[in-house]
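> Need coordinates for the below:
(7 chains)
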Amino acid sequence: MTELKGRILAGKVLVQPQDAVEKTAGGIIIPDSAKEKPQTGTVVKVGSDKKDEPMEVKVGDTVFYGKYSGTELQIDNENYLLISQSDVLYIA
Amino acid sequence: MTELKGRILAGKVLVQPQDAVEKTAGGIIIPDSAKEKPQTGTVVKVGSDKKDEPMEVKVGDTVFYGKYSGTELQIDNENYLLISQSDVLYIA
Amino acid sequence: MTELKGRILAGKVLVQPQDAVEKTAGGIIIPDSAKEKPQTGTVVKVGSDKKDEPMEVKVGDTVFYGKYSGTELQIDNENYLLISQSDVLYIA
Amino acid sequence: MTELKGRILAGKVLVQPQDAVEKTAGGIIIPDSAKEKPQTGTVVKVGSDKKDEPMEVKVGDTVFYGKYSGTELQIDNENYLLISQSDVLYIA
Amino acid sequence: MTELKGRILAGKVLVQPQDAVEKTAGGIIIPDSAKEKPQTGTVVKVGSDKKDEPMEVKVGDTVFYGKYSGTELQIDNENYLLISQSDVLYIA
Amino acid sequence: MTELKGRILAGKVLVQPQDAVEKTAGGIIIPDSAKEKPQTGTVVKVGSDKKDEPMEVKVGDTVFYGKYSGTELQIDNENYLLISQSDVLYIA
Amino acid sequence: MTELKGRILAGKVLVQPQDAVEKTAGGIIIPDSAKEKPQTGTVVKVGSDKKDEPMEVKVGDTVFYGKYSGTELQIDNENYLLISQSDVLYIA
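So this is what the prediction gives:
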């Protein structure tokens, strides 16, 4: 994982998703009920505290988040997901 | 119940549901009106206080919550439910 | 009325409804326009103050509340209703 | 008008409506456009101040309020209307 | 214009509308595009300051307001309009 | 441009629009995609500061604003547009 | 890039988009799934801090933002995009 030089806004968390293997196998969608479970990813950047909402997540944390959370971002040819801290379900 | 090492965000409550027996019996849905009653579970983790909303629930509490509250999480092959404290109806 | 050992959250009121007699007579629904009137019940538990909303109701009060307010709870085989204090219309 | 012993919540106003005569004459609805005008009533109880909204109405005031404001309440066989102070249009 | 003895709530403005002449001429609606323009009226009563919104209008001001603003009130057989201060577009 | 004697409320901006020429040429609507661009106008009046939103625009500024912002006002036979400061896109 | 003399409101960011080449080639829309990715642009102006939301972006930053964010503005025959700071996904 290359270090990213950019920044994100207060209250935001940039995640590198741990993509399920079956997603990359030729683009075929596998009807697997397990896919409805929350996704996991590694935190690569965190924004600063927001008023009334301190940042509780730190770089390197593995986080669980809802499948439909956030916005996909491609930075230096890597895929990331920008979520709000409130999208974080569990910090492993 | 294994101890969980992770964390959850402020204002959140992680519950291990006391699943109804009939749910696990072969996946058949039993049309039992009693199922509309609130669910119960054991609190396994609590987040910190939120501004204007102190955490009033503690680990080990048995809580009642609405049937459709929260998000299911599978951690270390156990099923949990992440709810907001405001989803808690009663603390037994 | 047995004493309840549990707790409820700040701003909440647990009520033991004074069920209309016709409701329990064999489960027949009586088309009585009077049923649209607010319900009454006895307060059995109150939560603590919320910020900007002090608890104004106390255990033992008879309260009026809207027919569709709150969530039904069964605790120790008794029926209760959990309402928000703001659902209280009148404290007799 | 009998004195009421109960209480109402902060920011609320309990009104005894000055019902239009035509409403009570056999239950016939008179298509009178004047009926769209605000209703009037006598304040019989007021709640305490709410944060950022002091109570500006007092017992005995005649108030105007919108036709569809509030919730009807029957207390000791008399009809009342519970409105929020913000439903009050004019204090005569 | 008779003096009104009543009061209105904080943040409210009671206006005596300057009705367009064509409105009173036999009740015929004149399809005049000019009617879409804001209405004008004379302020006859103002409520006190609201938190974070001081009263900037005073009795006697001519105000412009949107055609669909406020609630009509009939007091002592005169027609008034109760608007919120935020409905005021211009103070002539 | 005649000086206007009136006032507007806090947070508001009164603008004299710089109407597109093609609008006045016989009332024919010209299907020009350029018309979707923001409108410009000259600020003729500004309201005072609102809480948490100081007035950043001053009389004489040329402002850009969205085509559908604000309410048209006719004062002394001149056309104006009353917008909220938050409708201002750019101050030239 | 000519220097712009104007101003924008607090919390706003004016961006000069780095338009995709295929957009300008004769106006033909190329069905390229890559187009769903966030857009990038160079910050040419920033507004001041808003209450509870300090400005974290500065002139010269390359920012990523959602494809449908903001309002297009044409100033001195150049195209710009006015976005809210909260539309910024990543600051490269």
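
> where do the strands sit along chain A?
Along chain A, the stretches classed as strands by DSSP state E are A:12-17, A:39-46, A:62-65, A:71-75, A:78-84, A:88-91.

> Also compute the angle for the longest one relative to strand A:78-84, please.
What it means is strand A:39-46. 80 degrees (axes from the mean of the first three to the mean of the last three Cα atoms, to 10 degrees).

> So which elements touch strand A:39-46?
Using 3 or more Cβ pairs under 8 Å, 6 or more residues apart in numbering or on different chains; DSSP states H and E as the contact test, the elements touching strand A:39-46 are strand A:12-17, strand A:62-65. Glycine gets a C-beta too; all of them are placed from N, C-alpha and C.

> Is there proximity between the longest one and chain G?
Yep, that's strand A:12-17 we're talking about. Yes: for strand A:12-17 and chain G, the contact criterion (Cβ under 8 Å from any Cβ of the partner chain) is met by residue A:14.

> Give me the residue ranges of chain A where confidence is low.
Segments of chain A classed as low confidence (criterion: pLDDT under 70) are A:1-2, A:19-37.

> Go ahead and confirm residue A:38 touches residue A:66.
Yes: taking contacts as Cβ atoms under 8 Å, residue A:38 lies within contact range of residue A:66: 5.8 Å.

> which neighbours do the two share?
Applying Cβ atoms under 8 Å, 6 or more residues apart in numbering or on different chains, one finds that residue A:38 and residue A:66 are jointly contacted by A:89, B:71.

> In terms of neighbours, single out the busier of those two.
With neighbours defined as other Cβ atoms under 10 Å in any protein chain shown, residue A:38 and residue A:66 compare such that residue A:38 has more, 20 against 14.

> if I pick the more buried one, what's in contact with it?
Residue A:38 makes contacts with A:64-67, A:89-90, B:71, B:73, as judged by Cβ under 8 Å, 6+ apart.

> Quick one: buried ones out of those?
Of all the contacts of residue A:38 considered here, the ones buried according to neighbour count by 16 or more other Cβ atoms under 10 Å in any protein chain shown are A:64-65, A:89-90, B:71, B:73.

> and chain F, which of those contact it?
Filtering those for neighbours of chain F using Cβ under 8 Å from any Cβ leaves an empty set.

> any chance of those residues in TSV, plus distance to chain G?
Putting the buried ones among the contacts of residue A:38 into TSV (distance: Cβ to the nearest Cβ, whole Å) gives the following:
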residue	distance to chain G
A:64	21
A:65	16
A:89	21
A:90	24
B:71	24
B:73	26
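
> Enumerate every residue touching the residue in chain A that chain E sits nearest to.
Minimum separation of chain A from chain E (Cβ to the nearest Cβ) falls at residue A:51, amounting to 17.8 Å. Residue A:51 makes contacts with residue G:52, as judged by Cβ under 8 Å, 6+ apart.

> Find the centremost residue of chain A, please.
Nearest to the mean C-alpha position of chain A, counting by Cα atoms, centre = their mean, stands residue A:15 at 3.0 Å.

> Who is that one paired with across the strands?
Counting by DSSP bridges, residue A:15 is bridged to residue A:43, residue A:81.

> Identify the nearest residue to whatever residue of chain A ends up closest to chain C in space, disregarding sequence-adjacent positions?
With Cβ to the nearest Cβ as the measure, residue A:52 is the residue of chain A nearest to chain C, at 12.3 Å. Taking Cβ to Cβ, 6 or more residues apart in numbering or on different chains, and ignoring the residues beside it in sequence, residue A:52 has residue B:51 as its nearest neighbour in space, at 4.5 Å.

> Quick check: the one you found vs residue A:89, distance?
With distances defined as Cβ to Cβ, to the nearest Å, the gap from residue B:51 to residue A:89 amounts to 21 Å.

> Spatially nearest residue to residue A:8 (excluding sequence neighbours)?
Take residue A:8 and drop its neighbours on the chain: the residue closest to it by Cβ to Cβ, 6+ apart is residue A:47, 4.7 Å away.

> and that neighbour, what is it in contact with?
Listed by Cβ under 8 Å, 6+ apart, the contact set of residue A:47 reads A:7-13, A:55, A:85.

> Just the buried ones among these, please.
Listed as buried from the contacts of residue A:47 are A:7-13, A:85; burial here means 16+ other Cβ under 10 Å.

> Identify the bridge partners of residue A:90.
Per DSSP bridges, the residues bridged to residue A:90 are residue A:64.

> Could I get the contacting residues of it?
Listed by Cβ under 8 Å, 6+ apart, the contact set of residue A:90 reads A:38, A:63-64, B:6-8, B:14, B:73, B:75, B:82.

> among these, which two are most distant?
The largest separation in the contacts of residue A:90, counting by Cβ to Cβ, is between A:38 and B:7 at 15.1 Å.

> Export the contacts of residue A:47 to CSV and append columns for distance to residue G:59.
As requested, the contacts of residue A:47 are arranged in CSV below (distance: Cβ to Cβ, whole Å):
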residue, distance to residue G:59
A:7, 15
A:8, 19
A:9, 17
A:10, 19
A:11, 23
A:12, 21
A:13, 26
A:55, 26
A:85, 28
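
> Which member of those is positioned nearest chain F?
Once Cβ to the nearest Cβ is applied, the member of the contacts of residue A:47 that ends up nearest chain F is residue A:10, at 17.5 Å.

> and the closest residue in space to residue A:14 that isn't next to it in sequence, what is it in contact with?
Across the structure, with Cβ to Cβ, 6+ apart as the measure, the residue nearest residue A:14 apart from its sequence neighbours is residue A:45 (3.9 Å). When contacts are counted by Cβ under 8 Å, 6+ apart, residue A:45 touches A:4, A:6-8, A:13-14, A:59.

> just residue A:58 next, same as before
Residue A:58 makes contact with A:43, A:46 under the criterion Cβ under 8 Å, 6+ apart.

> The one 4 residues further on now?
With contacts defined as Cβ under 8 Å, 6+ apart, the neighbours of residue A:62 are A:40-43, A:91-92.

> Could you rerun that using 7 Å?
With contacts taken as Cβ atoms under 7 Å, 6 or more residues apart in numbering or on different chains, residue A:62 has the following neighbours: A:40, A:42, A:92.

> One more: residue A:39?
Contacts of residue A:39 were listed using Cβ under 7 Å, 6+ apart, and they are A:17, A:65, A:67.

> swap in residue A:7?
Taking Cβ under 7 Å, 6+ apart, we find residue A:7 in contact with residue G:91.

> hmm, try it at 8 Å
Listed by Cβ under 8 Å, 6+ apart, the contact partners of residue A:7 are A:45, A:47, G:56, G:90-91.

> just residue A:75 next, same as before
Taking Cβ under 8 Å, 6+ apart as the contact definition, residue A:75 lies against A:4, A:6, G:64, G:90, G:92.

> count of neighbours near the residue in chain A that chain D sits nearest to?
When distances are taken as Cβ to the nearest Cβ, chain A approaches chain D most closely through residue A:52, which lies 17.8 Å from it. The burial metric for residue A:52, expressed as a neighbour count using other Cβ under 10 Å, is 10.
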